[in-house]
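Undergrad: Sequence and predicted structure below; questions after.
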Amino acid sequence: MIVVRVEKVVYFPTLMNQTEGRVSNMAIDFLTDAARLTDQLVTWRRDLHRHPELAFEERRTASIVADELRQLSIEVRTGVGKTGVVGILDGSSDGPTVMVRCDMDALPIHEANQTDYASTTAGVMHACGHDGHTAIGLAVARLLTEHRSRLQGRVKFVFQPAEEMAGGALAMIADGVLDDPVPDVALGLHLWNTNPVGQVGVTAGAAMAGADIFEIVIRGSGGHGALPHETRDPLLAAAQIVSALQSVISRNVDPLDTAVLSVTSFHAGEAFNVIPSEAYLKGTIRTYRQEVHDLAVMRLKQVTEGIAAAMGCEAEVRVTAVTPALYNDPEVTRVVMQAIAPYVEPHNVIQGVKTMGAEDMAVFLEKVPGCFFFLGSASAERGLNYPHHHPRFDFDEAALPLGAAMLASAVAAYVLPG
């Protein structure tokens, strides 16, 4: 096993030097303020990383978040969407309500890293950076609280459960997270190990795909493996369906559109000499546009049911929506880009970044105009560039104060006078 050891943040001074001239003209230099919180950011992040919690089980994490917000005299609501936390930071005068959303949950993955902050919970790890998102959210709360007397409006901190398994955003909405007060703008970021620290991906319009889960049950008539002519083999039908479904995107979707249809699970039978009566397939559909989504679902059903019937079997297809496509409001995106510009070299602001990955933040952005951007968090020279959801995922913690400064500045663009 290769040992990954991450020492204390070593790249932040370099980032500070790169941005020093550009942030000096800002009304508030959030990067300098965030730098002072670096030790605390790392402490929060590593503690959360040691104690990961799965969807709707984030009780310890939620308790830490609530306690930290209360220490800042922020109004706190807990148990929102089961284990979510909401904090309201009121300003001194009226103005817009800006929602800052951070996710808290971990993944059912056994961590392969051997750091002093590796997961202490077998089979569970923060393999997507949510520990960093939570730490950044707490830092933003601290940074903005220091300017409470000047705030015009309010900031609504939303620490969401169950992003990975989806459902967390909907659960919070069902519990009234978008009410009292109603957000005017929603902001968030994602640490992104595809890109190095200091690089930002910001996209107006669709930035992440909508996701569906499909489940297929193929029913036939099983029997002895030595007498296949006496059966209607659902396994054989399923195998042909898997192969044929690969044509849905390549032959039905316009090449100028983007879509993914992946079969990711195939289960049939238990014994070597028994043809089973049923076969099960599961997979995902990813699309940006509703028309493409509807076409992919229609062809999924037609292909599956047609092949099953031709093989003397029956097929049942279930498609469950997970998240819509994530859409960034163009005007809010413009404000965010302007706010974060002092912290990053112009050539490191990458516009038009898209991914077929899905994100629960999309549910909020369907209802509130906002922007969700990607902050590079990788360091190839330090071995911190494994992809998200990998058992050796880890990120360069220099991204933490940089992310806090960027997110605080984006919020400040709405609630702090220039």
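TA: Arrived safely, thanks for sending.

Undergrad: Looking at stretch 355-371 now, give me its mean pLDDT.
TA: For stretch 355-371, the mean pLDDT works out to 97.

Undergrad: now the helices for the stretch 51-200 of the chain?
TA: 59-71, 130-145, 168-174 (DSSP state H, counting those that start in this stretch).

Undergrad: From the contact counts, what lies against the first one?
TA: Packed against helix 59-71, as judged by 3 or more CB pairs under 8 Å, 6 or more residues apart in numbering; DSSP states H and E, are the following elements: helix 38-50, strand 75-80, strand 84-90, helix 130-145, strand 152-160. Just so you know, the C-beta spots here come from the backbone N, C-alpha and C atoms, and that holds for glycine as well.

Undergrad: Tell me which of those is the most buried.
TA: Ranked by mean neighbour count, the helices and strands packed on helix 59-71 are led by helix 130-145 with a mean of 26 (mean count of other CB atoms under 10 Å).

Undergrad: Return it as CSV; C-alpha atoms alone will do.
TA: Output in CSV follows, covering the C-alpha atoms of helix 130-145 (Å, rounded to 0.1, in the frame of the first residue of the first chain):
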residue,chain,number,x,y,z
HIS,A,130,-17.7,17.5,1.9
ASP,A,131,-15.6,17.7,5.0
GLY,A,132,-13.8,20.6,3.3
HIS,A,133,-17.1,22.2,2.3
THR,A,134,-18.4,22.1,5.8
ALA,A,135,-15.2,23.7,7.1
ILE,A,136,-15.4,26.4,4.5
GLY,A,137,-19.0,27.1,5.4
LEU,A,138,-18.0,27.6,9.1
ALA,A,139,-15.2,29.9,8.1
VAL,A,140,-17.5,32.0,5.9
ALA,A,141,-19.8,32.3,8.9
ARG,A,142,-16.9,33.6,11.0
LEU,A,143,-15.7,36.0,8.3
LEU,A,144,-19.1,37.5,7.7
THR,A,145,-19.9,37.7,11.4
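
Undergrad: Hey, what's the angle from that helix to strand 84-90? Just curious.
TA: Angle, helix 130-145 to strand 84-90, by axes from the mean of the first three to the mean of the last three CA atoms, to 10 degrees: 20 degrees.

Undergrad: which strands and helices sit next to helix 130-145?
TA: Helices and strands touching helix 130-145, by 3+ CB pairs under 8 Å, 6+ apart, are helix 30-35, helix 38-50, helix 59-71, strand 84-90, strand 93-103, strand 152-160, strand 185-196, helix 399-415.

Undergrad: if you skip the residues just before and after it, what's nearest to Ser221?
TA: Excluding the flanking residues, the one nearest Ser221 by CB to CB, 6 or more residues apart in numbering is Arg232, at 4.3 Å.

Undergrad: give me the number of residues near the closest residue to Ala35 other than its chain neighbours?
TA: The spatial neighbour of Ala35 that comes closest, neighbours along the chain excluded (CB to CB, 6+ apart), is Pro401 at 5.4 Å. Pro401: 29 surrounding residues under other CB atoms under 10 Å.

Undergrad: returning to what we had before: state the distance from the residue nearest to Ser221 to Val76.
TA: Distance of Arg232 to Val76, computed by CB to CB, to the nearest Å: 59 Å.

Undergrad: pretty sure the residue nearest to Ser221 contacts Glu278?
TA: No: assessed by CB atoms under 8 Å, Arg232 is found out of contact with Glu278, at 11.1 Å.

Undergrad: Return the backbone torsion pair for Glu316.
TA: When read as degrees, to the nearest 10, the backbone of Glu316 gives phi -120, psi 130.

Undergrad: Which helix or which strand is home to the residue lying closest to it once chain neighbours are set aside?
TA: The shortest distance from Glu316 to any non-neighbouring residue, by CB to CB, 6+ apart, is to Val217 (4.5 Å). Taking DSSP states H and E as the definition, Val217 sits inside strand 210-219.

Undergrad: State the mean pLDDT of the helix or strand that that strand is followed by.
TA: For strand 210-219, the following helix or strand on the C-terminal side (DSSP H and E) is strand 223-224. For strand 223-224, mean pLDDT rounds to 97.
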